[in-house]
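In: Quick one, structure for this:
(2 chains)
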Amino acid sequence: GQQVMQIPQYQHVQEGEDFTTYCNSSTTLSNIQWYKQRPGGHPVFLIQLVKSGEVKKQKRLTFQFGEAKKNSSLHITATQTTDVGTYFCAAPFIIQGAQKLVFGQGTRLTINP
Amino acid sequence: KAGVTQTPRYLIKTRGQQVTLSCSPISGHRSVSWYQQTPGQGLQFLFEYFSETQRNKGNFPGRFSGRQFSNSRSEMNVSTLELGDSALYLCASSTGGGSTSTDTQYFGPGTRLTVL
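Out: Now for the predicted structure:
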């Protein structure tokens, strides 16, 4: 089954509006990573969160890790056309006795200029 | 440092054929992971190699195999291709020295495989 649920699957906004994507797990996560994939490109690492309640900012991007370490969010303030792409969260899980990085299904962001 | 490189970038094959994809990791990275990306299934982990040994494996049939060489370069092989194998195959490298595949993944541009 899917260990990491990411919502929404798609989001369309007007340029200048805010955007948020959420990542949820039923189990406590040791850490969570966020990646961005531009159309036609490959995933690029954005950030890793490790501590409970951690908040990190990268310019207009704000990343949060929940207090229970079961959810995370990525918030973009005042979107720009350069923010277009699919945003993935990823977290480690023990599967068949080995630790693997599992990616969420991604949130595809499109922007109306 | 040069990024992760993958060859070829595009490939068209027919059902029943086999294919070999190549990945050169970032210099100094010892771990190479392979992922399959499709619109319906998202990013699916195939396997990870570290120091020429398969350290982790996803839930793919035995037609999917890989190997890693002493210089950390890796190849992935898919035999008896099926239509459903059409996908973007991404290779990612990491230092690999930490907790296995939870290290930050640096992805290559991918190989777009089309099976006809």
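In: give the contact list for the residue nearest the centre of chain A.
Out: With the centre of chain A defined as its mean C-alpha position, the nearest residue by CA atoms, centre = their mean is residue A:89, 3.8 Å away. Residue A:89 makes contact with A:4, A:6, A:21, A:23, A:32, A:33, A:34, A:35, A:72, A:74, A:103, A:104 under the criterion CB atoms under 8 Å, 6 or more residues apart in numbering or on different chains. The way it works is simple: take the backbone N, C-alpha and C, and place the C-beta from them, glycine included.
In: What separation do you get for the fifth one and residue A:49?
Out: Going back to what we said before, that points to residue A:32. 5 Å (CB to CB, to the nearest Å).
In: Quick check: neighbours shared by the two?
Out: A:65, A:72.
In: okay, the two: which has more neighbours?
Out: residue A:32 (26 against 22; other CB atoms under 10 Å in any protein chain shown).
In: residues in chain A within reach of chain B, list them.
Out: Residues of chain A lying near chain B by CB under 8 Å from any CB of the partner chain: A:30-31, A:33, A:35, A:41-45, A:48, A:88, A:90, A:92, A:96, A:98-106.
In: and these, which are buried?
Out: Buried by 16 or more other CB atoms under 10 Å in any protein chain shown: A:31, A:33, A:35, A:42-43, A:45, A:48, A:88, A:90, A:92, A:99-106, out of these.
In: Thought residue B:27 was touching residue B:73, still the case?
Out: No: between residue B:73 and residue B:27 there is no contact under CB atoms under 8 Å: 11.1 Å.
In: Looking at the two now, which is surrounded by more residues?
Out: Remark: of residue B:73 and residue B:27, residue B:73 carries more neighbours, 16 against 10, as counted by other CB under 10 Å.
In: Kindly tell me how buried the residue nearest to the more buried one when sequence neighbours are not counted is, as a neighbour count.
Out: Distances taken as CB to CB, 6 or more residues apart in numbering or on different chains place residue B:24 nearest to residue B:73, at 5.1 Å, with adjacent residues excluded. By other CB under 10 Å, 21 other residues sit near residue B:24.
In: who touches residue B:24 in this structure?
Out: Residue B:24 neighbours (CB under 8 Å, 6+ apart): B:4, B:5, B:6, B:72, B:73.
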